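Student: Can you look at this prediction? I've put the sequence above it.
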Amino acid sequence: MQSQNPFFDDLARVAGGAMGALSGLKAEMEAMVRQQFERVTASLDLVTREEFEVVRAMAAKAREEQEALEARVAALEALLAEAAAAPKGTAPKAKAPPKPKT
């Protein structure tokens, strides 16, 4: 649709061209920021999710083993205290705790 005044038609074309240029500039800026972000994260020496999950599982297993060993040491200390308190020549009544599964 053409208006009575060609000035407004030209102004509309210039505004449309400026909007197209700005949207292109926006896309280019986003690509540059994304590229810079990827470059920075690559230089940070981050671990992958899979590596993190493996180490997490290892830590959970180590924690369980440590808790089992703490319980075993506590039982052995109780047995030792009982043996020290008993008169000489008598055997303690409690059995040694079972070894943890490995």
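Tutor: That came through, no problem.
Student: can you list the domains in the protein?
Tutor: 1-46, 47-85 (automatic domain parsing).
Student: Give me the helices and strands touching the host helix or strand of Met29, please.
Tutor: Using DSSP states H and E, Met29 falls within helix 6-43. Helix 6-43 sits against no helix or strand, with contacts defined as 3 or more Cβ pairs under 8 Å, 6 or more residues apart in numbering; DSSP states H and E. Quick note: C-beta positions are derived from backbone N, CA and C, even for glycine.
Student: gap between it and the chain center?
Tutor: Centre-to-centre, helix 6-43 and its host chain are 35 Å apart (Cα atoms, centre = their mean, to the nearest Å).
Student: Can you add distance to Lys99 and give the domains of the chain back as a markdown table?
Tutor: Formatted as a markdown table, the domains of the chain follow (distance: least, Cβ to Cβ, whole Å):
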| stretch | distance to Lys99 |
| --- | --- |
| domain 1-46 | 40 |
| domain 47-85 | 8 |
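Student: Any regions of the chain where pLDDT drops low?
Tutor: 1-4, 89-98, 100-102 (pLDDT under 70).
Student: Can you pull up the most central residue in it?
Tutor: For the chain, Phe52 is the residue whose C-alpha lies nearest the centre (Cα atoms, centre = their mean; 6.4 Å).
Student: on that earlier part again, identify each buried residue in the helix or strand following the helix holding Met29, please.
Tutor: Using DSSP H and E, the next helix or strand after helix 6-43 towards the C-terminus is helix 49-85. Across helix 49-85, burial judged by 16 or more other Cβ atoms under 10 Å covers Leu79.
Student: next one: helix 49-85 to chain centre, how far?
Tutor: 25 Å.
Student: Use 38 as the first number for this chain going forward.
Tutor: Sounds good: first residue 38 from here, last item helix 86-122.
Student: and the gap between the residue nearest to the centre of the chain and Leu83?
Tutor: Counting by Cβ to Cβ, to the nearest Å, the gap from Phe89 to Leu83 is 9 Å.
Student: what do you get for Pro124?
Tutor: As judged by Cβ to Cβ, Pro124 and Leu83 stand 64 Å apart.
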